[in-house]
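Asker: need the 3D shape of this:
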Amino acid sequence: MSVSPAVMEGMVIRRSKKIGMWTMAWRRFRRRPLYVIAFGWILLICVIAIIGPYIAPHNYATEFIQDANQAPSWQHLFGTNRVGQDMFSEVLYSVRFSMEIAVGAIIISFFIGIAAGLWSGMAGGITDSIIMRIVDLMYAFPSYFLNLILVVTLGHGLFPIFLSIGITQWAGHARLVRGLVLSVRGGEMAESARSIGASGFHIARRYMWPNIVGPVIINVAMSFPGAMMQDAGLSVVGMGLQPPQPSFGNLVAAGSTDVLAFPWLLYIPSGIFALTLIAFYLVGNGLQDALNPKGGM
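Answerer: Next comes the predicted model:
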């Protein structure tokens, strides 16, 4: 029994409709092994952030003076520092604290930026001008110095640190969302919904959010390295987490003073930190290629 070309075309169309956007995005993403490896590294880092303190051989504050400055061995996989702290345990706890700060900062910047961008794009007029001038001011003021001011004011704990980083990162989300909202707002679908009396909330939920969710996810993924680097920068100058709480910034700063005699103190934590930053950048690029229908992968 032969099937006409029109019927076959209809079958192909109906079958293609069953494949969702995220399924197609994953198919594009996994075509690049480098992106998949980077995504696997991030998953590993996330698992370590959750279970790291439970599998660490020692507490981060435990000192073994008699084992100070030992090279990596089976007893101490990453060696020990000048006061005998196990560096493997220090790195596991550093992953936990760094991810907590990064996730907290991203959540704060995400909600502030999304709300400001939607409000600015939907309201327009004087409201749009005021919000955009605030965004320009945030871009003009160096975020690192603003972080220092906020941390000095709020304190050196986990919450004050990721709050200060989140406050300085929302402007990028706001500008992105505003631009996307303006592009969708003038579209035919939004205009038709507005002409029949649809509310602004309905238009934002039904027409705008589905079109901006992809770019926002990419922007969030790209924001993780910046948040982690800001946290490390604060720790390097002594304004981040205070010892004995470890962080990548603390470990790198301490290891750099003894790098010639005890190179593992610097190269191991800085290497893990660098790989994590690179992995986030690669995943962000991969998401951009996968979620962009015009991008060829």
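Asker: which stretches in the stretch 51-200 of the chain count as helices?
Answerer: 87-123, 125-140, 143-154, 158-185, 188-195, 200-203 (DSSP state H, counting those that start in this stretch).
Asker: quick one: closest of these to residue 60.
Answerer: Nearest to residue 60, of all these, is helix 87-123, at 4.3 Å by Cβ to Cβ. (Glycine included, C-beta is placed from N, CA and C.)
Asker: and that closest one with helix 158-185, angle?
Answerer: Interaxial angle, helix 87-123 versus helix 158-185 (axes from the mean of the first three to the mean of the last three Cα atoms, to 10 degrees): 40 degrees.
Asker: pLDDT on helix 87-123, on average?
Answerer: Mean per-residue pLDDT for helix 87-123: 91.
Asker: flag every buried residue along it.
Answerer: The neighbour-count check on helix 87-123 (16 or more other Cβ atoms under 10 Å) flags 87-102, 104-106, 108-110, 112-114, 116-122 as buried.
Asker: with stretch 263-274 instead?
Answerer: Neighbour-count burial for stretch 263-274 flags 264-266, 268-270, 272-273 (criterion: 16+ other Cβ under 10 Å).
Asker: ok, now stretch 61-79?
Answerer: Residues of stretch 61-79 classed as buried by neighbour count (16+ other Cβ under 10 Å): 63, 67, 70, 76, 78-79.
Asker: with stretch 142-162 instead?
Answerer: The neighbour-count check on stretch 142-162 (16+ other Cβ under 10 Å) flags 143, 147-148, 150-151, 156, 158, 161-162 as buried.
Asker: same check, this time on stretch 135-142
Answerer: Quick answer for stretch 135-142 (16+ other Cβ under 10 Å): 135, 138.
Asker: kindly export that stretch (C-alpha atoms) in PDB.
Answerer: Provided in PDB are the C-alpha atoms of stretch 135-142 (Å, rounded to 0.1, in the frame of the first residue of the first chain):
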ATOM      1  CA  VAL A 135      21.600  49.600  35.500                       C
ATOM      2  CA  ASP A 136      24.100  52.000  33.800                       C
ATOM      3  CA  LEU A 137      25.200  53.100  37.300                       C
ATOM      4  CA  MET A 138      25.800  49.500  38.300                       C
ATOM      5  CA  TYR A 139      27.900  49.000  35.200                       C
ATOM      6  CA  ALA A 140      29.900  52.200  35.700                       C
ATOM      7  CA  PHE A 141      30.800  51.400  39.400                       C
ATOM      8  CA  PRO A 142      33.500  48.700  39.700                       C
END
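Asker: can you give the distance of it from its chain's centre?
Answerer: Offset of stretch 135-142 from its chain centre (Cα atoms, centre = their mean, to the nearest Å): 20 Å.
Asker: re the thing from before, quick check: the farthest pair among the buried residues of stretch 61-79?
Answerer: Taking Cβ to Cβ, the two most distant members of these are 63 and 78; they sit 15.5 Å apart.
Asker: mind checking how far the residue nearest to the spatial centre of the chain is from residue 272?
Answerer: Compute the mean C-alpha point of the chain, and by Cα atoms, centre = their mean the closest residue is residue 224, 2.4 Å away. From residue 224 across to residue 272, the span is 15 Å (Cβ to Cβ, to the nearest Å).
Asker: do residue 184 as well
Answerer: As judged by Cβ to Cβ, residue 184 and residue 272 stand 41 Å apart.
Asker: ok, now residue 288?
Answerer: Note on residue 288: its distance to residue 272, by Cβ to Cβ, is 25 Å.
Asker: what do you get for residue 213?
Answerer: According to Cβ to Cβ, residue 213 and residue 272 sit 31 Å apart.
Asker: then residue 230?
Answerer: Residue 230 is 18 Å from residue 272, by Cβ to Cβ.
Asker: kindly report the same for residue 256.
Answerer: Distance check for residue 256 against residue 272: by Cβ to Cβ, it reads 15 Å.
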